[in-house]
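> Show me how the following folds:
(one chain, ligands or ions: 1)
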Amino acid sequence: MTENESVGLSSPQEFKVAEAGEIADGGTKIINMVGRTIALFRIKNEYFAIANACLHRGGPLGEGEVRDYEVTCPWHGWKYNLLDGSFSMIPTLRVKTFKVKATIEGVFVEL
Ligand code: FES
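Take a look at the predicted model:
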């Protein structure tokens, strides 16, 4: 048993979620993996991954409009910062964010 197993922790793992160039600038991809649904956004050459569930009533954030690094939930309009997942009205409320790495081999999300 490793030290992490003994305290119930597991190391983060990277999962390939898109091919390099698969998502156009301004585009989004919804990913279902490891029991989670994640919304992956591309803005210019940066990628952002957040949980695809609004804190209000679970609206699909990956279907929301993106403007200035902020996504608007398509159901009732709550807005979230893609950099840190914070809700615009109460910044201490945050949707989960995930680290993203983009290489020539693809786009990887760390869980
Ligand atoms: S479910 Fe997102 S604003 Fe209501």
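> Would you mind listing what in this protein touches the ligand?
Residues of the chain lying near the ligand by C-beta under 6 Å from any ligand atom: 54, 56, 57, 58, 59, 73, 75, 76, 77, 78. (Glycine included, C-beta is placed from N, CA and C.)
> mind putting these in a markdown table, secondary structure and distance to residue 35 included?
Listed next are the residues of the chain next to the ligand as a markdown table, based on DSSP: H, G, I helix; E, B strand; the rest coil; distance: C-beta to C-beta, whole Å:
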| residue | secondary structure | distance to residue 35 |
| --- | --- | --- |
| 54 | coil | 18 |
| 56 | coil | 22 |
| 57 | coil | 20 |
| 58 | coil | 15 |
| 59 | coil | 19 |
| 73 | coil | 22 |
| 75 | coil | 23 |
| 76 | coil | 26 |
| 77 | coil | 28 |
| 78 | coil | 24 |
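> List buried residues within those residues.
When those are checked for burial by 16 or more other C-beta atoms under 10 Å, the buried set is 54, 59, 73, 78.
> Report the contact partners of the last one.
With C-beta atoms under 8 Å, 6 or more residues apart in numbering as the criterion, the residues that contact residue 78 are 54, 55, 56, 59, 72, 87, 88, 89.
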